[in-house]
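>>> sharing a model that was predicted from the sequence below.
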Amino acid sequence: MTLKASEIHVGKQYVLVESPFNAAVVTVIEDQSGGNAGLGRSNHWVGWRVRVEKNIGGIEHPIGYEFNAGWDEEYSHYSSLAFYPYDDSVKSQIRAELEKLLPQIKKVTHMITDAEESWTTHYDRNDPDELYLRGMFYRIGDMLDDAKRLLDQTFAEVVDEGVLIKQPNGRYSLHGRELTSGEPIEYFAPDDDGDRWVLSRIGHNGQDYCLETDRNFSLEELRVRIKYIPR
């Protein structure tokens with residue numbers, strides 16, 4: 001999960017992702033948060049001086065290279081920087097690589113969509129090979145779009161968690177928020193091989209609301225969590 005500014009401390013190591021250019025293990029060596037008129041920074045600025053310890057992927061910085069990293073909290077949604085907890089496990093490396101993939105997936109899917117809207121400009125309708133490419137690109141675009149949605153879901157912030165309550169109108173709610181068919185949720189699934197969260201959607205089996213992935217599964221008092229995914 002992306003770390004908040006308050007969770008980043010001098011002397012600690014983190015994975016810093018500069019999407020889509022670089023991912024590296026860095027040590028925070030100085031807190032530079034706060035206003036600085038000379039540098040054009042407002043009082044909402046949060047930033048740090050960091051030192052590169054290890055490159056994970058993308059454009060590589062020299063080991064020991066120091067630079068400033070930060071953002072204005074009022075406009076944090078525009079920042080391409082993100083700090084993550086550091087560990088040297090394979091899952092941490094996989095996560096960093098997937099984070100770097102997201103911008104590229106978005107770029108390619110937009111290119112495919114744009115080309116499709118005026119496909120005769122980009123493909124020769126009399127060339128079977130070009131029409132083959134058009135069809136394959138379209139299929140690949142669909143798959144990449146699915147991959148993007150899964151990545152967005154995987155790394156999104158949890159904004160609510162609790163037990164579903166059935167309302168008099170038959171629908172289920174979480175802390176007063178009514179959930180409707182098609183809405184993505186993650187539900188808690190006890191398992192002999194290890195309890196886990198599982199992605200699904202709200203569905204309806206003709207008699208009651210249920211999990212889209214298992215229409216015989218009751219939502220009554222099911223423990224779920226909701227994530228915020230920016231559109």
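Everything's here; your move. Numbering: from 1, shown residues only.
>>> name the residues of stretch 57-77 that are buried.
In terms of neighbour count (16 or more other Cβ atoms under 10 Å), stretch 57-77 has its buried residues at 57-58, 61, 69-72. All C-beta spots, glycine's among them, are computed from the backbone N, C-alpha and C.
>>> same check on stretch 30-38?
Neighbour-count burial for stretch 30-38 [16+ other Cβ under 10 Å]: 32-33.
>>> quick one: average confidence on it?
Throughout stretch 30-38, pLDDT has a mean value of 84.
>>> who's in contact with that stretch?
For stretch 30-38, the external contacting residues (Cβ atoms under 8 Å, 6 or more residues apart in numbering) are 5, 10, 41-43, 45-49, 68, 70.
>>> at 6 Å what do you get?
Applying Cβ atoms under 6 Å, 6 or more residues apart in numbering, the contact partners of stretch 30-38 are 10, 41-43, 46-49.
>>> and if you look at stretch 177-196?
The contact list for stretch 177-196, computed with Cβ under 6 Å, 6+ apart, reads 171-172, 197-199, 201-202, 204, 222-225.
>>> just checking: what are the partner strands of the longest strand seen in the chain?
In the chain, with assignment by DSSP state E, the single longest strand is strand 45-58. Using DSSP bridges, the strands paired with strand 45-58 are strand 22-31 (antiparallel), strand 66-72 (antiparallel).
>>> buried residues, stretch 194-214. List them.
Within stretch 194-214, the residues that count as buried by 16+ other Cβ under 10 Å are 200, 202-203, 209-212.
>>> restricted to strands, list those residues.
Members of the buried residues of stretch 194-214 lying in strands (criterion: DSSP E): 200, 202-203, 209-211.
>>> output those as JSON lines; include the columns distance to residue 128.
Below are these laid out as JSON lines (distance: Cβ to Cβ, whole Å):
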{"residue": "200", "distance to residue 128": "42"}
{"residue": "202", "distance to residue 128": "44"}
{"residue": "203", "distance to residue 128": "42"}
{"residue": "209", "distance to residue 128": "48"}
{"residue": "210", "distance to residue 128": "46"}
{"residue": "211", "distance to residue 128": "44"}
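>>> so what are the sheet partners of the lowest-mean-pLDDT helix or strand in the chain and their directions?
In the chain, no helix or strand scores lower on mean pLDDT, DSSP states H and E than strand 214-218, which sits at a mean of 84. Applying DSSP bridges, strand 214-218 is found paired with strand 209-211 (antiparallel).
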